[in-house]
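Asks: Got a predicted structure here, sequence first:
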Amino acid sequence: MAESFSVERRFFDDKNYPRGFARHGDYTIKEAQALEQYGQAFKALDLGERDPSTAEEKQFVAFCKGERPAETFFEKTWNKYRLHTSTTKRVYTLSGVVSDNLDDFNAND
């Protein structure tokens, strides 16, 4: 029987994590290790580039398609990765009072 999530090379995401998963702070050590070790398989299964060969991989694909919630450690870790690397990034700004008239601003002192 094939081993679930078997890969031949480690997974790196130099665009989002140029210093590695473990050094960025988004993931626990265990999560970072899982991403490096199995991330190639997670990505290929998620994108449909690889057919699932075990029951565990079939469940993972069902999760990726949104047919079931993330339940296993691998599914939760990949879900976390997808959330952190989604194309819609949050932008945080500092905002304050904007006034065209400096006298209005000084009147509030």
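Replies: Looks like it arrived, so ask away. Numbers count the residues shown, from 1 in each chain.
Asks: okay, which residue is most central for the protein?
Replies: Tyr81 (1.6 Å; Cα atoms, centre = their mean).
Asks: Does that one touch Leu35 like I think?
Replies: Yes. Using Cβ atoms under 8 Å, Tyr81 is in contact with Leu35, at 6.0 Å. The C-beta positions use only the backbone N, C-alpha and C, and glycine is treated the same way.
Asks: and for those two, which residues touch both?
Replies: Taking Cβ atoms under 8 Å, 6 or more residues apart in numbering as the contact rule, Tyr81 and Leu35 both touch 27, 42.
Asks: what comes into contact with the top helix by length along the chain?
Replies: When the chain is scanned for its longest helix (criterion: DSSP state H), the result is helix 29-47. Identification of contacts with helix 29-47 by Cβ under 8 Å, 6+ apart yields 5-13, 20-22, 27, 49-50, 52, 57, 60-61, 64, 73-74, 77-78, 80-82.
Asks: when you check those against the strands, which ones overlap?
Replies: Of the positions in these, not one sits in strands, assigned by DSSP state E.
Asks: Which ChimeraX command selects the buried ones in these?
Replies: Those of these that count as buried under 16 or more other Cβ atoms under 10 Å are selected in ChimeraX with:
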select :5,7,11,13,21,22,27,50,52,57,60,64,74,77,78,80,81
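Asks: buried sites along the longest helix of the chain?
Replies: Neighbour-count burial for helix 29-47 flags 31-32, 34-36, 38-43, 45-46 (criterion: 16+ other Cβ under 10 Å).
Asks: got the CA coordinates for that helix in PDB?
Replies: Extracted in PDB, the C-alpha atoms of helix 29-47 (Å, rounded to 0.1, in the frame of the first residue of the first chain):
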ATOM      1  CA  ILE A  29       7.400  23.800  14.900                       C
ATOM      2  CA  LYS A  30       5.300  20.700  14.200                       C
ATOM      3  CA  GLU A  31       3.200  22.600  11.600                       C
ATOM      4  CA  ALA A  32       6.400  24.000   9.900                       C
ATOM      5  CA  GLN A  33       7.900  20.500   9.800                       C
ATOM      6  CA  ALA A  34       4.700  19.100   8.300                       C
ATOM      7  CA  LEU A  35       4.600  21.800   5.600                       C
ATOM      8  CA  GLU A  36       8.200  21.300   4.700                       C
ATOM      9  CA  GLN A  37       8.000  17.500   4.600                       C
ATOM     10  CA  TYR A  38       4.600  17.000   3.000                       C
ATOM     11  CA  GLY A  39       3.700  20.400   1.500                       C
ATOM     12  CA  GLN A  40       4.500  19.200  -2.100                       C
ATOM     13  CA  ALA A  41       1.900  16.500  -1.700                       C
ATOM     14  CA  PHE A  42      -0.600  18.800  -0.100                       C
ATOM     15  CA  LYS A  43      -0.300  21.400  -2.900                       C
ATOM     16  CA  ALA A  44      -0.500  18.800  -5.700                       C
ATOM     17  CA  LEU A  45      -3.600  17.200  -4.100                       C
ATOM     18  CA  ASP A  46      -5.200  20.600  -3.500                       C
ATOM     19  CA  LEU A  47      -4.600  21.700  -7.100                       C
END
